[in-house]
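Student: No letters, just coordinates:
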């Protein structure tokens, strides 16, 4: 099993969620985060002056899937979340040692 | 900073740069004044000056009674219809309630502008300094400020040196203030609300790093000493600025006294200059990096509350300015003041937001808030004596000044979280000087009257006429002197007070406390507690 962690632009969340449910993904965890990469922040105005603010709001998705789904999920996220402009985000894949469904105590592949 | 300037000035290239820049700024200021004068000449030149003699004016035989006279006029009071004093008292009390309502506005504005971690401190400080101010103003603040005494401070009922106002000791049931006909305690309530405003303004620049003991002590200093004494100079029956230019008074040759209708200098300048003294002695909040060093602003944690607070302040200003007539019988004056107040606020907001738009291509919310407040502060001094058009111009200039002053603070690396000095300190001075420029020559220099609309000959010595209306430099000089005296005295006294508090470590919170969580350190609570589900448990199930 692997965990796919994707940092995307906040307004892309609904599109990505729809696309993932179309390929059969039934669960994910989403959090609001801030960050920057080579985008280097954005310009905001405060009290009449412009400032460069380093951290830009983003959405983080975490999805745990069986090994055979990983490539499809990564491809779907990358294609749906892309706008072509700087700041689109990144996807990371982590190995997962164990997964448990709390309600039924199912383990590993049956739990995801 | 002065040493840096003098060493820089030794270099001829730097000198040339400085003179060019300074010359450019002077030219710019001159151009602004010229434009204002030209606009005036166009709008006011053709209008007749005799508005004050209109049929709406009441014809009661009353002397042009000053708002804070030295002696009561019992003969006139006996001839008044019995409803006059109660109605005027109701008017003054209404003003007191509205101005007190501004405390809600100030609290919301300051709380909205600061970060979550320092919010509880703002809330407690606003409540606490209101309570302290009430007691101190009753005990001796009102007596020092409005009592008769000498040119520097007062203590007794005006006109009756045997009756002390300290702790309202000799205030009998029938005592009224001067010839206003307002009971002492009603006038006290109204003035307490003003004193509370001055005291709250100071706290704005000191948010986020002031130890609470320091907060308490400087509140006592401002409400107990700075505001009443310097206020007495301007508004006391024998204050030396109020009686300036008269025979036997301060600067008798000037021939004009200092005027401040509702307190651009007395309330706002005093508040603003104490604020900046505090901000200077305290230093910036930890982690605050300024724009010139590439830093980011410490963003307001709740702009919604801040803007609503600003609107509540504007609403309260309808008590601050119009009720300062101390008389509803001068209904024409009250109406004019209310209209002028509104127009200046509108002008200020528009000017500030437009100025920032042309600079950044963004419509900035904080600019429009501070711009409106700046317009209100500026109109507070001249509101009785200027025309509607004048009020708009006063507001427009104030809106631009506040943005520039905010930039100056950022450049000088002074951390003023809510902009107390740009709004109140700088625009308080501008408003005070505006009287000398825009006083239209149609309204009584003595201010309002408790018995009706004061009728005077426009353009005569009884009217206040400013530079732009052909009144010459006299009023402007008096305003400059008054503003300079009060602002300097305030700043110097405040610096001494804050340095003294700092020397005994009572002013600034400890570094560990500030880093760990300012509200937790000083108040043991957070404004937005994060419970992490701690309250959801049902308790252990019984077996």
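Tutor: Right, received. Where do you want to start? All values derive from a computational prediction rather than experimental measurement. Numbers count the residues shown, from 1 in each chain, chains lettered A, B, ... in the order given.
Student: what's near enough to touch residue B:480?
Tutor: B:433, B:436 (C-beta atoms under 8 Å, 6 or more residues apart in numbering or on different chains). Backbone N, C-alpha and C define where each C-beta goes, glycine included.
Student: Return the distance of it relative to chain A.
Tutor: 28 Å (C-beta to the nearest C-beta, to the nearest Å).
Student: where does that residue land in three-state SS?
Tutor: Classification of residue B:480 by DSSP: H, G, I helix; E, B strand; the rest coil places it in helix.
Student: Any buried residues in the helix or strand where residue B:31 lies, and which?
Tutor: Using DSSP states H and E, residue B:31 maps to helix B:12-44. Buried residues in helix B:12-44, counted by 16 or more other C-beta atoms under 10 Å in any protein chain shown: B:36, B:40, B:44.
Student: avg pLDDT for the biggest helix by length in chain A?
Tutor: Of all the segments of type helix in chain A, defined by DSSP state H, the longest one is helix A:70-81. The predicted model gives helix A:70-81 an average pLDDT of 96.
Student: now what about it, what contacts it?
Tutor: So helix A:70-81 is contacted by A:2, A:4, A:6, A:8-9, A:12, A:15-16, A:19-20, A:23, A:25, A:61, A:63, A:65, A:88-89, A:91, A:93 (C-beta under 8 Å, 6+ apart).
Student: ok, and residue B:185, which helix or strand is that part of?
Tutor: helix B:184-204.
Student: Which elements pack onto that helix?
Tutor: If you count contacts as 3 or more C-beta pairs under 8 Å, 6 or more residues apart in numbering or on different chains; DSSP states H and E, helix B:184-204 packs onto helix B:84-113, helix B:119-136, helix B:142-146, helix B:212-221, helix B:227-235, helix B:270-282, helix B:303-320, helix B:420.
Student: relative orientation of that helix and helix B:227-235 in degrees?
Tutor: 110 degrees (axes from the mean of the first three to the mean of the last three C-alpha atoms, to 10 degrees).
Student: Run through who's touching the top strand by length along chain A.
Tutor: Counting residues, the longest strand found in chain A (DSSP state E) is strand A:56-65. Here strand A:56-65 makes contact (C-beta under 8 Å, 6+ apart) with A:1-10, A:12-13, A:16, A:20, A:25, A:27-36, A:39, A:41-42, A:73, A:77, A:87, A:89, A:96, A:99, A:112.
Student: make it 7 Å
Tutor: Here strand A:56-65 makes contact (C-beta atoms under 7 Å, 6 or more residues apart in numbering or on different chains) with A:1-10, A:13, A:16, A:25, A:28-36, A:39, A:41-42, A:73, A:87, A:89, A:96, A:99, A:112.
Student: quick one: average confidence on the helix holding residue B:185?
Tutor: When pLDDT is averaged along helix B:184-204, the result is 96.
Student: Quick check: residues of chain A near chain B?
Tutor: Proximity of chain A to chain B, by C-beta under 7 Å from any C-beta of the partner chain, involves residues A:45-51, A:53-54.
Student: Out of these, give me the two with the largest separation.
Tutor: Using C-beta to C-beta, the residues of chain A next to chain B span at most 20.6 Å, a distance reached by A:48 and A:54.
Student: quick one, which of those two is more surrounded?
Tutor: Using other C-beta atoms under 10 Å in any protein chain shown, the more surrounded residue of residue A:48 and residue A:54 is residue A:48, with 26 against 13.
Student: returning to what we had before: the buried residues of helix B:12-44 into CSV, with extra columns for distance to chain A and pLDDT?
Tutor: Formatted as CSV, these follow (distance: C-beta to the nearest C-beta, whole Å; pLDDT from 0 to 100):
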residue, distance to chain A, pLDDT
B:36, 22, 85
B:40, 28, 76
B:44, 32, 70
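Student: which one among those residues gets closest to residue B:106?
Tutor: For the buried residues of helix B:12-44, the nearest to residue B:106 is residue B:36 (30.9 Å; C-beta to C-beta).
Student: if I read this right, that closest one contacts residue B:392, doesn't it?
Tutor: No. Here residue B:36 lies out of contact with residue B:392, judged by C-beta atoms under 7 Å, at a distance of 11.0 Å.
Student: How many residues are close by the residue nearest to residue B:466 when sequence neighbours are not counted?
Tutor: Spatially, and ignoring its direct neighbours in sequence, residue B:466 is nearest to residue B:439 (3.6 Å; C-beta to C-beta, 6 or more residues apart in numbering or on different chains). Counted with other C-beta under 10 Å, residues neighbouring residue B:439 total 28.
Student: Please apply the same query to residue B:2.
Tutor: Using other C-beta under 10 Å, residue B:2 has 6 other residues around it.
Student: again, but for the one 3 residues further on
Tutor: Summarising burial for residue B:5: neighbours were counted as other C-beta under 10 Å, giving 10.
Student: secondary structure element for it?
Tutor: Taking DSSP H and E as the criterion, residue B:5 maps to helix B:2-9.
Student: Same check on residue B:434?
Tutor: Following DSSP H and E, the helix or strand that holds residue B:434 is helix B:427-438.
Student: Run the angle between that helix and helix B:227-235 for me.
Tutor: Orientation check (the same axes, to 10 degrees): helix B:427-438 against helix B:227-235 gives 0 degrees.
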